[in-house]
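A.B. asks: quick one, what's the 3D model for this:
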Amino acid sequence: MIDKTNNCRICGLDLLEPPWGINGDNPIHIICPCCGAHVGLDDETYEQVISYREQWLSDRGKWSVRRHKPDDWNLAEQLKNIPDEYL
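C.D. replies: Below you'll find the predicted structure:
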C-alpha cells in the first residue's frame, strides 16, 4: 500500500509534508501548486474535496503554478495518489 499521508486530498500531488499535520487535525494552510486548493479551507470536508476536484478537472487539471509542473506529469497517475477516503 502506498503512503498517501503527504498527498493533496483533491489532486493527489505529494506536498512533501502532511497537509493536515502529523495528527491529521491541523492544516498547514498552504496552496497546492497543482490544483490551487488551499489546505484547510478547500478540503475540510469530503463534499468540498469532491466539488473542488470536479471543478479543477473540468478545466482539464490545469496547474495553478505552471512552473512547478513536471515535464513528464501524468494526470491519471497523479489521481491514483489521492488519499483513499477522498476518492
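A.B. asks: now do the SS call for residue 78.
C.D. replies: helix (DSSP: H, G, I helix; E, B strand; the rest coil).
A.B. asks: which non-adjacent residue is nearest it?
C.D. replies: residue 12 (4.7 Å; C-beta to C-beta, 6 or more residues apart in numbering). Bear in mind the C-beta positions are built from the backbone N, C-alpha and C, glycine included.
A.B. asks: that neighbour and residue 75, how far apart?
C.D. replies: Going from residue 12 to residue 75 by C-beta to C-beta, to the nearest Å gives 9 Å.
A.B. asks: of these two, who's got more company?
C.D. replies: residue 12 (23 against 12; other C-beta atoms under 10 Å).
A.B. asks: quick one: contacts for that one?
C.D. replies: By C-beta atoms under 8 Å, 6 or more residues apart in numbering, the residues touching residue 12 are 4, 78-82.
A.B. asks: that one - that's part of a helix, no?
C.D. replies: No: under three-state DSSP, residue 12 sits outside any helix and is assigned coil.
A.B. asks: related to what we said a few turns ago, tell me how far the residue nearest to residue 78 lies from residue 83.
C.D. replies: From residue 12 across to residue 83, the span is 8 Å (C-beta to C-beta).
A.B. asks: what do the two both touch?
C.D. replies: Contacts common to residue 12 and residue 83, judged by C-beta under 8 Å, 6+ apart, are residue 4.
A.B. asks: which parts of the chain are helices?
C.D. replies: All helices of the chain, identified by DSSP state H, fall at 46-58, 75-79.
A.B. asks: quick one: distance of the first one to the chain centre.
C.D. replies: In other words, helix 46-58. In terms of C-alpha atoms, centre = their mean, to the nearest Å, the centre of helix 46-58 is set 10 Å apart from its chain centre.
A.B. asks: what packs against it?
C.D. replies: Packing partners of helix 46-58 (3 or more C-beta pairs under 8 Å, 6 or more residues apart in numbering; DSSP states H and E): none among the helices and strands.
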